[in-house]
Structure formats: C-alpha cells, structure tokens
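Novice: have a look; sequence and predicted model below, questions after that.
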Amino acid sequence: VIWTHLLLRILFNTGARVSEIIGVTLPDMVLDGAACVHSHGKGRKQRAVPLWRSTIKQIRAWLRINPQLQPTSALLPNRDGKGDDTWDVTQRLALAVKAATVAQPQLAKHRISPHIIRHTTAMHLLQSGVDISVIALWLGHESPTTLTNTIRRYKAPDSLIEFLKTL
C-alpha cells in the first residue's frame with residue numbers, strides 16, 4: 001500500500017511517464033534545497049522536475065522504512081530489487097482505483113491509467129495558471145504545441161482530482 005501510494009504521488013507530482021518513474025534510482029532524487037527528481041524520458045531526454053514538500057516527506061519516510069535500498073537501487077523496487085514494469089504499475093493503479101471507488105463511486109465510470117494521471121497533472125498546472133511552455137518542459141515535451149491539442153481536450157473528472165489530492 002505504501003509503495004502504491006508513493007508511486008501515485010510521484011506520478012501526479014511529476015506528470016512523468018510510467019517508464020520514467022520505474023527508472024528512477026536513488027541518485028536521481030534530490031531531497032534537499034531545490035528538491036527535484038531527475039527523470040530520463042523518451043529519446044533519452046533528461047529533465048529535473050520539482051518535488052512538492054508533501055512528496056519529499058513521503059519519499060523520506062519510504063527511505064526510512066527501506067534502509068536496505070542501495071545507492072544504485074530503484075526508488076520503487078519490485079521484489080527482485082529492480083524497477084517494476086509498466087504492466088505492474090498499471091495493475092497496482094487499477095487496484096488502488098478499485099479501493100478508492102468505495103469512497104468515490106463515480107471513479108468506476110472513468111478509465112484511469114497512469115497516462116490519465118499525466119494529463120491530470122498537466123490540467124492541474126494549467127488551471128493553476130502555469131504557463132503552457134513551462135508545462136511542456138515539466139512533462140518533457142520539446143514544444144508547447146505538443147500539448148495544445150491534448151490539454152484542451154482532456155478534463156479530469158473532479159473525483160479523480162479529489163482522489164489525487166488525498167495522496
């Protein structure tokens with residue numbers, strides 16, 4: 001449960017692709033000063049995405065309860081100590097959504113995937129007044145034009161936003 005909660009928080013905080021998150025290792029995390037996560041995206045692009053205080057707090061708690069993690073370990077390892085794969089992350093999200101549906105029944109009407117969380121992050125940033133060129137950089141796009149069609153079409157349901165805010 002803690003693993004999944006941290007995964008969802010990082011996905012929402014960063015707007016990262018699943019492939020980027022499962023590749024994050026401990027050295028990719030900067031938790032002091034200008035806290036951020038260094039991710040390695042499509043086309044071997046690298047970027048640093050700021051981390052919220054609440055995310056930093058949860059990462060530190062995760063590291064305290066997992067002292068066996070080595071400096072080269074995946075932040076969110078599977079049982080073998082390696083980064084999970086996309087299918088596993090999608091399955092864990094499906095289980096989390098199923099559990100959340102008890103408190104938020106309207107979630108059952110929506111298809112929620114890691115990529116939907118990525119779009120939700122973009123919409124949350126846009127609705128908070130963040131410039132679209134900053135959002136493009138945040139999500140690892142070379143140009144804001146990549147986002148203009150996608151962002152304007154997608155509107156995350158209020159229930160998904162509320163669920164993600166509880167993380």
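Specialist: Received, thanks.
Novice: drop to CA atoms for contacts and neighbour counts, all remaining ones
Specialist: Fine.
Novice: just the helices in this structure please.
Specialist: 2-14, 18-22, 53-65, 86-100, 114-127, 132-139, 145-153, 158-165 (DSSP state H).
Novice: looking at the protein, which helix or strand is least sure?
Specialist: Among the helical and strand segments of the chain, the one scoring lowest on mean pLDDT, DSSP states H and E is helix 145-153, with a mean of 55.
Novice: quick one on the thing from earlier: I'd like the helices of the chain as JSON lines, with mean neighbour count appended.
Specialist: Listed next are the helices of the chain as JSON lines, based on neighbours: other CA atoms under 10 Å:
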{"stretch": "helix 2-14", "mean neighbour count": "19"}
{"stretch": "helix 18-22", "mean neighbour count": "21"}
{"stretch": "helix 53-65", "mean neighbour count": "14"}
{"stretch": "helix 86-100", "mean neighbour count": "15"}
{"stretch": "helix 114-127", "mean neighbour count": "20"}
{"stretch": "helix 132-139", "mean neighbour count": "18"}
{"stretch": "helix 145-153", "mean neighbour count": "12"}
{"stretch": "helix 158-165", "mean neighbour count": "14"}
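Novice: ok, which of these comes nearest residue 108?
Specialist: Residue 108 sits nearest to helix 86-100 of all the helices of the chain, at 7.6 Å, using CA to CA.
Novice: elements contacting that closest one?
Specialist: helix 2-14, helix 18-22, helix 114-127 (3 or more CA pairs under 8 Å, 6 or more residues apart in numbering; DSSP states H and E).
Novice: what does that helix contact?
Specialist: Around helix 86-100, the neighbours that count as contacts under CA atoms under 8 Å, 6 or more residues apart in numbering are 4, 8, 18, 19, 22, 107, 108, 112, 113, 114, 163.
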